[in-house]
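A.B. asks: predicted coordinates and the sequence they were generated for:
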Amino acid sequence: MKLLIDTHVALWFLEGDSSLSAVALSLIEDGAIERRLSAASVLEVAIKRSTGKLRAPADFHERMERKGVRGLSITDAHAAAVADLPAHHKDPFDRLLVAQAMAEGMSILSKDEILHLYDVPVVW
C-alpha cells in the first residue's frame with residue numbers, strides 16, 4: 001500500500017489527538033507500507049502558521065520524517081492535473097493531494113468526506 005497522509009491527519013498524529021482513528025494510527029505507524037507527506041501539506045502548515053491561523057510545530061515535516069514518513073515533492077504534472085479534477089473540493093491543498101495520489105497510485109489517509117467524491121481511494 002502507498003499512502004498519502006492528509007495534513008490534518010499528520011497534525012493529529014503528532015499531537016496525539018483522539019480525533020485520529022485507530023485505523024489511521026496503525027497505518028501511520030506501519031513501517032511496512034510506503035507513507036508520504038506532500039510538500040503541499042508542508043506549505044499549508046507553513047502558510048497557516050505564519051498567518052496565525054494554525055498552531056503547529058515549526059519542525060512539522062521533520063517530525064514526520066523522524067516517524068518514517070517520507071516527503072512527496074510536487075511535480076509540474078501534479079500541479080497541472082489539478083485542472084482536470086471536478087470542482088468537488090474548493091481547498092487548493094486538498095485538490096493537489098488528490099492529483100498527487102491519483103498520479104502516484106496512492107490512497108489518501110483522511111477524514112475529509114469530500115475526497116470520496118474523487119476517483120481516488122480514501123482510507124480512514
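C.D. replies: Thanks, I have the structure now.
A.B. asks: all strands for the chain, in order.
C.D. replies: For the chain, applying DSSP state E gives strands covering 2-5, 34-38, 70-72, 107-109, 122-123.
A.B. asks: contacting residues around the shortest one?
C.D. replies: To tie it back to what came earlier, the one meant is strand 122-123. Residues from elsewhere that reach strand 122-123, judged by CB atoms under 8 Å, 6 or more residues apart in numbering: 3, 23-24, 27, 107-110, 112, 115-116. (Each C-beta comes from the backbone N, C-alpha and C, glycine too.)
A.B. asks: now, among those residues, which is nearest to Ala39?
C.D. replies: Using CB to CB, Ile108 comes nearest to Ala39 of those, at 15.1 Å.
A.B. asks: quick check: the closest one touching Val9?
C.D. replies: No: using CB atoms under 8 Å, Ile108 is not in contact with Val9; the gap is 9.0 Å.
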